[in-house]
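> I'd like to go over a predicted model; first the sequence, then the structure.
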Amino acid sequence: MEDMAESTIRMLGLEDVSCRVNERIVDCISRVYDYSLLHVPLLEENRVVGLIDFYRLAGILSLVKDRLPSILCRDISSFISSPLMMEYSKLDDIGLLLSMLTSRKYTSIGIVDNEEFRGTLTASSLARYLVDMHVKDKVSVREVYSRRIGIISNSFMLTDILRIIARRRQPCLIVFDGFDVAGVVCLSDILYLLAQFETKPPIDKMYADEFIKEPVVVDAETKLNEYENLRKYNEPLIVLDDGEISGMLSALEVLEYMQKLLQNRYGLRI
C-alpha cells in the first residue's frame, strides 16, 4: 500500500528543477524561468547545499554586472541562503510545510530522501493542492490578496528597479506612464532577459520600458477556488477592486490564508 508521504508527493507533484554549484548563474536563471521561482535549491552532486535567492541577486547585480555571463553559482555567497529542505517521509505534515514556506516567504523547498535530492516542491503547486482540497466557493480573492504593492514610473532605471525589488522583496512592480498603468515589471523577466546577453548587459543604460509586460489581472470578487488563472500563471496576479488596482495575489498569500484556515478548522499545529 502506498504510504502517506508517497501519496502526498503524487498529488502535489515535484518539479525536477534546481541549480548546481558549478554552473553559470545565467544558465540557472534560464532553466527556472518557466516556474517563476525566486528561490531554488542549489545542489552539489545530488545533495542540497544551499538555496539561491534571486531577491538577493537582484540587490547586488549592480556590483557584478560586468561579470554576469561568467559568474558561477558558487562564486557569490551573498545570494545563497542556508538550505530549505524537507524529508519526503514527512510530506504528509502539511502544517510543517506551510510553516517552512510562509515563515521565510520562499517560493520553493527542496525535498530530500536521506539527504539525496528528490525534487522541488513549489509554493504554487502546494497552494493549488490545498485550495482544491479545502476551499469552498464562498472564499473570494478579496479575503486573501496582499494590499502591499510597489509603484514606479516607466522612466525608472533598471538599477533602481532592482534595488527596490530586493529591498521590498516583491516579485513585481506596477509601472505607471503618467497617470495610466503601463504594465508590470517582474524580477523573473528581468533576470531572464539579462541572462540572454553573451557579454555584460548594459544595466546602467536600461529602463523600465524595456521590461514592461501586460499584467494578468483578477477581480477581487473572484472565488479563490476558481483557480484557473493561478493554474496557468506562477507569477502574482494584479487584483482589481471596482476596476482599480488594489494589490497582488501570489501563491504565498494563498499559503498564508490556508495556514490560518487549517489552524481554525482542524486545529492544525504550525
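Yes, it's here.
> From now on I want contacts and neighbour counts done on CA atoms only, so please keep to that.
Fine.
> Quick one: residues contacting Leu255.
Taking C-alpha atoms under 8 Å, 6 or more residues apart in numbering, we find Leu255 in contact with 98, 102, 123, 126-127.
> cutoff 7 Å now
Neighbouring residues of Leu255 by C-alpha atoms under 7 Å, 6 or more residues apart in numbering: 98, 102, 127.
> closest to Ile161 among the residues you listed?
For those, the residue nearest Ile161 by C-alpha to C-alpha is Thr102; the value is 24.8 Å.
> So which of the contacts of Leu255 are in helices?
98, 102, 127 (DSSP state H).
> who wins for neighbours among the residues you listed?
Ala127 (25 neighbours; other C-alpha atoms under 10 Å).
> Distance check, that residue against Gln170.
18 Å (C-alpha to C-alpha, to the nearest Å).
> How about Lys223?
In terms of C-alpha to C-alpha, Lys223 sits 24 Å off from Gln170.
> Helices of this protein, residue ranges please.
So, for the chain - with DSSP H - the helices run 4-12, 25-32, 54-64, 94-104, 123-134, 158-168, 187-194, 228-232, 251-266.
> out of those helices, nearest to Ile174?
helix 158-168 (10.9 Å).
> same for the closest one, what does it pack against?
helix 54-64 (3 or more C-alpha pairs under 7 Å, 6 or more residues apart in numbering; DSSP states H and E).
> Export the contacts of Leu255 as CSV, with columns for distance to Leu68.
Below are these laid out as CSV (distance: C-alpha to C-alpha, whole Å):
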residue, distance to Leu68
Leu98, 34
Thr102, 30
Ala127, 33
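> out of these, who's nearest Leu162?
Distances from Leu162 to those, taken by C-alpha to C-alpha, are shortest for Thr102, at 23.1 Å.
> Skip the chain neighbours and tell me the closest residue to the closest one.
Glu256 (6.3 Å; C-alpha to C-alpha, 6 or more residues apart in numbering).
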